[in-house]
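Undergrad: Provide a 3D model corresponding to the input given below.
(4 chains, ligands or ions: 4)
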Protein chains: 2
Amino acid sequence: MESQDIKKAGLKVTLPRVKILEILERAENRHVTAEDVYKVLLDGGEEIGLATVYRVLTQFETAGLVTRHRFEGVHSVFELDEGRHHDHILCVRCGRVDEFVDKAVEERQQAIAEQAGYDMTDHCLYIYGICRNCRNGHA
Amino acid sequence: MESQDIKKAGLKVTLPRVKILEILERAENRHVTAEDVYKVLLDGGEEIGLATVYRVLTQFETAGLVTRHRFEGVHSVFELDEGRHHDHILCVRCGRVDEFVDKAVEERQQAIAEQAGYDMTDHCLYIYGICRNCRNGHA
DNA sequence: AATCCAGATGCAAAAGCTTCTCATTTCTAT
DNA sequence: ATAGAAATGAGAAGCTTTTGCATCTGGATT
Ligand SMILES: [Mn+2]
Ligand SMILES: [Mn+2]
Ligand SMILES: [Zn+2]
Ligand SMILES: [Zn+2]
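TA: Ligands and ions are numbered 1, 2, ... in the order given. Presented below is the predicted three-dimensional model:
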């Protein structure tokens, strides 16, 4: 039950927050912009302001319910944080986003940070390329 | 001689472009914002507009003279492109930026892209953490 | 050295995403 | 049900980056 998560985050369980969380859970593509969320709300007849969408997404991010990405040349993109760290590979032509986890890369990152004298807190690896579809002209 | 590079890029060798390139070459920290560049110009008594700084940096980027980074929570940052690919590790506390190259990571990225069906065109790995100085309270 | 003009610049205005302000509304604990 | 704190909506504001346009300049040509 998702409203538990909202409550656990110390946030009141309000209609906008519940709706936005639902949208994130049901989104066909996991990675959505604030505007994407806002449009779904409008289409659903909800009267929720864009400012609220931004506010709620930011609060969810702070609460660890949501992760924000800043892919190159794209606006902030949000996805449900389900605790499974992963990185991203994006098609620069059609915007498709795929996820991956690579053990070797993860380990190397830790080693690199140590060697540079850093306590690693986070990292992000974005791979950009042309996806199979686009390569085959389906775009 | 740097004005050669400007010319090679098909750009007129103008005072703003020469000055900006000089600033990039002499910068104490390689990674500077447009505003940083602008301030140095002002301090040097140059009457060059911020719009020109942005325009020139973008042209340099297109020409391959400069690389632009979009580190998290920071504005666009530019650095001279000297042909040596590298990735970055940043201190989230003081903003320090270090560079590194890791052969293993580079190879894995290529493999990951292939496996996901992508022709990799680019990638960027940002590691965030706390640098040694900051960990020791020097901040 | 004087002329010419495409390309470059400066300034101000515009974009465009995101955040903030504040009056009003909605939760949720009594 | 009531009250107080928290949240919301609408629009204004913020900020970085880009653009439009009149003016200027580099540099190629006489
Ligand atoms: Mn993801
Ligand atoms: Mn660098
Ligand atoms: Zn594609
Ligand atoms: Zn530091």
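Undergrad: now do the contacts for A:Phe100.
TA: By Cβ atoms under 8 Å, 6 or more residues apart in numbering or on different chains, A:Phe100 lies in contact with A:His86, A:Asp87, A:His88, A:Ile89, B:Ile112, B:Gln115, B:Ala116. Where you see a C-beta, it was placed from the backbone N, CA and C, and this is true even at glycine.
Undergrad: now for the last one, how many residues are close by?
TA: The burial count assigned to B:Ala116 is 18, neighbours taken as other Cβ atoms under 10 Å in any protein chain shown.
Undergrad: related to what we said a few turns ago, in helices, which of the contacts of A:Phe100 appear?
TA: B:Ile112, B:Gln115 (DSSP state H).
Undergrad: quick one, what contacts A:Gln110?
TA: So A:Gln110 contacts A:Met120 (Cβ under 8 Å, 6+ apart).
Undergrad: again, only this time at 10 Å
TA: A:Met120, A:His123, B:Ile127 (Cβ atoms under 10 Å, 6 or more residues apart in numbering or on different chains).
Undergrad: wait, is the first one part of a helix?
TA: Read it as A:Met120. No: using DSSP: H, G, I helix; E, B strand; the rest coil, the secondary structure at A:Met120 is strand, not a helix.
Undergrad: which non-adjacent residue is nearest it?
TA: Once flanking residues are discounted, A:Met120 sits nearest to A:Ala113: 3.8 Å by Cβ to Cβ, 6 or more residues apart in numbering or on different chains.
Undergrad: the one you found: what's it in contact with?
TA: Contacts of A:Ala113 by Cβ under 10 Å, 6+ apart are A:Asp119, A:Met120, A:Thr121, A:His123, B:Ile89, B:Asp98, B:Phe100, B:Ile127, B:Tyr128, B:Gly129, B:Ile130, B:Cys131.
Undergrad: which of the residues you listed lies closest to ligand 3?
TA: A:His123 (24.8 Å; Cβ to the ion).
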